[in-house]
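Asks: Fold the following for me, if possible:
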Amino acid sequence: MTYLYETIPASEGDPVKQFEIKQPASEAPLTKHPETGEPIRRVILGGWGLMTSKVDGDGSPAGSCGCGPSGCC
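Replies: Have a look, this model is predicted:
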């Protein structure tokens, strides 16, 4: 997988550099840049989820078992 990392500024006002590193998902996040030794942290990005559902003619979910116009089941 490819992860986004960024440097941890040594002092306030220092620039933050972002870069990508490929590593196995099973590997722990890096704490130091592999080439420079600078302290780094992995950036957690929000993911996109895709939710789809089928609806009946009245707009209610078809075959769902959740809360809706007629209550919860």
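
Asks: Please name the residues that touch Y3.
Replies: 20-23, 29, 42-43 (Cβ atoms under 8 Å, 6 or more residues apart in numbering). For the C-beta atoms, the positions are set from N, CA and C on the backbone; glycine is no exception.

Asks: pLDDT weak spots in the chain?
Replies: The chain contains residues with pLDDT under 70 at 49-73.

Asks: sorry, back to before: the contacts of Y3: which two are farthest apart?
Replies: The largest separation in these, counting by Cβ to Cβ, is between K22 and V43 at 14.8 Å.

Asks: the more surrounded of the two?
Replies: V43 (13 against 7; other Cβ atoms under 10 Å).

Asks: For the nearest residue to the more buried one once chain neighbours are set aside, give its distance to G13.
Replies: Here the nearest residue to V43 in space, its sequence neighbours aside, is L4; by Cβ to Cβ, 6 or more residues apart in numbering that works out to 4.3 Å. As judged by Cβ to Cβ, to the nearest Å, L4 and G13 stand 22 Å apart.

Asks: related to what we said a few turns ago, closest one to E35 out of the contacts of Y3, please.
Replies: Nearest member of the contacts of Y3 to E35, counting by Cβ to Cβ, is I21, at 10.2 Å.

Asks: hey, what's the closest one bridged with?
Replies: Y3 (DSSP bridges).

Asks: Quick one: residues contacting it.
Replies: I21 makes contact with 2-3, 5, 30, 34, according to Cβ under 8 Å, 6+ apart.
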